[in-house]
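[1] My questions are about this predicted structure, shown below with the sequence.
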Amino acid sequence: MKTYTSKVLEICENGDAIVELPDELMEEMGWKVGDNLKYEQKDGKVFIKNISINDTDRYGQSGTNKVPTQD
């Protein structure tokens with residue numbers, strides 16, 4: 001499994017974080033600007049899931065997989 005490093009650019013008032021994801025990761029995952037992402041922290045790592053598209057579209061099974069819109 002590949003790992004990627006990214007900086008937190010901003011922490012919003014509601015506690016959300018704005019990060020810039022590496023282009024290679026975006027391409028590899030098929031994510032686009034405007035997708036909604038959900039994250040989970042576990043064992044010191046952050047796991048990101050795209051909740052804008054259905055995994056059925058990508059993997060032929062049910063589940064879910066968006067990237068914040070850039071202004």
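    Received it, and whenever you're ready, just let me know what you need.

[2] any idea how far E28 is from E13?
    For E28, the distance to E13 equals 32 Å [C-beta to C-beta, to the nearest Å]. (C-beta placed from N, C-alpha, C; glycine too.)

[3] which one of those two has more residues nearby?
    When E28 and E13 are compared for neighbours, E28 comes out ahead with 11 against 5, by other C-beta atoms under 10 Å.

[4] So what does the more buried one look like in phi/psi?
    Backbone geometry at E28, expressed as degrees, to the nearest 10, gives phi -60, psi -40.

[5] what's the closest non-adjacent residue to it?
    Spatial nearest neighbour of E28, chain neighbours left out: K2 (7.8 Å); criterion: C-beta to C-beta, 6 or more residues apart in numbering.

[6] So for that neighbour, what's the pLDDT?
    K2 carries a pLDDT score of 82 in this model.

[7] would it count as being in a strand?
    No. K2: not assigned to a strand; according to DSSP: H, G, I helix; E, B strand; the rest coil it is coil.

[8] what about it, how many neighbours?
    Neighbour tally, K2, other C-beta under 10 Å: 6.

[9] Three-state assignment for T5, please.
    Per three-state DSSP, T5 ends up coil.

[10] now it: how far from N14?
    Distance of T5 to N14, computed by C-beta to C-beta: 24 Å.

[11] what does G44 give?
    Using C-beta to C-beta, G44 is found at 24 Å from N14.

[12] any weak-confidence spans in this protein?
    By pLDDT under 70, the weakly predicted segments of the chain are 54-71.

[13] Right, I'll call it a day here.
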